[in-house]
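Undergrad: Pasting the sequence and the predicted coordinates here, then a few questions.
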Number of protein chains: 2
Amino acid sequence: MTIRFITESKNKLAEMQAILGDVEQLDIDLPEIQEIDAHKIVRAKPEEALKHKKVAFIVEDTSLYLDALNGLPGPLIKWFMKTIGNAGIAKIAEAFANSGAEAKTIIGYADGSGNIEFFEGSIRGSIVSPRGETTFGWDPIFQPEGSDKTFAELSADEKNALSMRRRAAEKLRDYLNLATP
Amino acid sequence: MTIRFITESKNKLAEMQAILGDVEQLDIDLPEIQEIDAHKIVRAKPEEALKHKKVAFIVEDTSLYLDALNGLPGPLIKWFMKTIGNAGIAKIAEAFANSGAEAKTIIGYADGSGNIEFFEGSIRGSIVSPRGETTFGWDPIFQPEGSDKTFAELSADEKNALSMRRRAAEKLRDYLNLATP
């Protein structure tokens, strides 16, 4: 069974393939509604996508929630990245003297009949000054709980072993009774 | 000529009526696209609204752009208000030692035939610790250039005399050849 994943991100696609096996990219450009509740965003996308294609597919939202900002940026993370970037976000956490954060992935699985199921994975961590490779979003400023490295300093395997995306994807894998790849 | 204004805000409606005269509220619930470019937001709303009603109407976006955050929150201001509020925004400006800000209104006027015109008004100012009435959004933390009072400390007439919304609305009034009310 091939899972179609609606995403523009090659990095996210690779992570999903590592966990779920047979995943292919489904290229539909969907407008993102302005909303801080990630569940509403993840729900809106399949509803829109189902208008275009009647096939089973998944969408995901991965967001970063700062304790210092009562949950901002959440799904607005991409706008924070475009304007102030990792250094600016780290500066806010430092200014508020509160480095606590949560990284959370919500996967929406649409089975093609209009039914949508949600699978969530999250991990707590700290916002730190940027360290490591700068290739994947806010990985350089997120240091997961129990690690002394940021996501950007970990290998892909090390990151996948504890990432919020893996936790959500594993719940989907169990739901679909897929074998571990 | 009655101008129909798509808004949920009684305060914005009152400001528009003070400048444009015969303005009535048009109650259509429109989803807001997630976008930091206010022009795209203001363009998307009339396009959506025209699917529902073929009448002339206006929509507006009023946003606050912090120099310290390279233009954030912009149209995302409502999420900043819901999470960290005026005190949190003021704290960020203080932490970054940069109080500069711009308040900007963009009015989109759809003439009912599918044509949309845009009218923009803006004013520079400083982000300060909250002062004055807390009834209207971020008015307590925005002190317009040349004033020693925040928007919230000014009377409605004083604020209208220099607000970004007035400047945009006056351009629309000129475009429509309306008399001053």
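TA: Ah, there it is.

Undergrad: Wasn't A:Glu94 part of a helix?
TA: Yes - counting by DSSP: H, G, I helix; E, B strand; the rest coil, A:Glu94 falls inside a helix.

Undergrad: immediately after the helix or strand containing A:Ala101, which helix or strand?
TA: According to DSSP states H and E, A:Ala101 maps onto strand A:100-110. Downstream of strand A:100-110, the first helix or strand assigned by DSSP H and E is strand A:116-127.

Undergrad: for that following strand, which positions count as buried?
TA: Neighbour-count burial for strand A:116-127 flags A:Ile116, A:Phe118, A:Phe119, A:Gly121, A:Ser122, A:Ile123, A:Gly125, A:Ser126, A:Ile127 (criterion: 16 or more other C-beta atoms under 10 Å in any protein chain shown). (Glycine included, C-beta is placed from N, CA and C.)

Undergrad: before we move on, what SS does the closest residue to A:Ala18 other than its chain neighbours have?
TA: Nearest non-adjacent residue to A:Ala18, counting by C-beta to C-beta, 6 or more residues apart in numbering or on different chains: A:Asn160, 5.6 Å away. Recorded secondary structure, A:Asn160: helix (three-state DSSP).

Undergrad: so what's A:Asn160 up against?
TA: A:Glu15, A:Ala18, A:Ile19, A:Arg166 (C-beta atoms under 8 Å, 6 or more residues apart in numbering or on different chains).

Undergrad: Now do it against B:Arg166, distance only.
TA: According to C-beta to C-beta, to the nearest Å, A:Asn160 stands 54 Å off from B:Arg166.

Undergrad: Tell me which residues touch the most centrally placed residue in chain A, please.
TA: Most central in chain A under C-alpha atoms, centre = their mean is A:Thr62, positioned 2.2 Å from the mean C-alpha point. A:Thr62 is in contact with A:Lys12, A:Ala103, A:Lys104, A:Thr105, A:Ile106, A:Met164, A:Arg165, counting by C-beta under 8 Å, 6+ apart.

Undergrad: Who are the contact partners of the second one?
TA: Under the criterion of C-beta under 8 Å, 6+ apart, the neighbours of A:Ala103 are A:Thr62, A:Ser63, A:Leu64, A:Tyr65, A:Ser122, A:Ile123, A:Gly125, A:Phe142, A:Pro144, A:Ser163, A:Met164.

Undergrad: Sort out which residues of stretch A:68-77 are buried, please.
TA: If you call a residue buried by 16+ other C-beta under 10 Å, then stretch A:68-77 has these buried ones: A:Ala68, A:Leu69, A:Gly71, A:Leu72, A:Pro73, A:Gly74, A:Pro75, A:Leu76, A:Ile77.

Undergrad: Same check on stretch A:101-120?
TA: Within stretch A:101-120, the residues that count as buried by 16+ other C-beta under 10 Å are A:101-110, A:116, A:118-119.

Undergrad: Nearest to chain B: which residue in chain A?
TA: Here chain A gets closest to chain B at one residue, A:Ala95, 3.2 Å apart by C-beta to the nearest C-beta.

Undergrad: Setting aside sequence neighbours, what's the nearest residue to that residue?
TA: Spatial nearest neighbour of A:Ala95, chain neighbours left out: B:Ala95 (3.2 Å); criterion: C-beta to C-beta, 6+ apart.

Undergrad: What are the boundaries of the strands in chain A?
TA: In chain A, strands defined by DSSP state E lie at A:3-6, A:23-26, A:57-66, A:73-74, A:100-110, A:116-127, A:142-144, listed in chain order.

Undergrad: May I have the longest one exported as CSV, CA atoms only?
TA: Going back to what we said before, that points to strand A:116-127. Extracted in CSV, the C-alpha atoms of strand A:116-127 (Å, rounded to 0.1, in the frame of the first residue of the first chain):
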residue,chain,number,x,y,z
ILE,A,116,-10.1,11.8,8.5
GLU,A,117,-8.1,10.4,11.5
PHE,A,118,-5.5,12.3,13.5
PHE,A,119,-2.3,11.1,15.0
GLU,A,120,-0.2,13.2,17.3
GLY,A,121,3.4,13.1,18.5
SER,A,122,5.2,15.6,20.7
ILE,A,123,8.4,16.1,22.6
ARG,A,124,9.5,18.6,25.1
GLY,A,125,12.8,20.5,24.8
SER,A,126,14.6,23.8,25.3
ILE,A,127,15.2,26.7,22.9
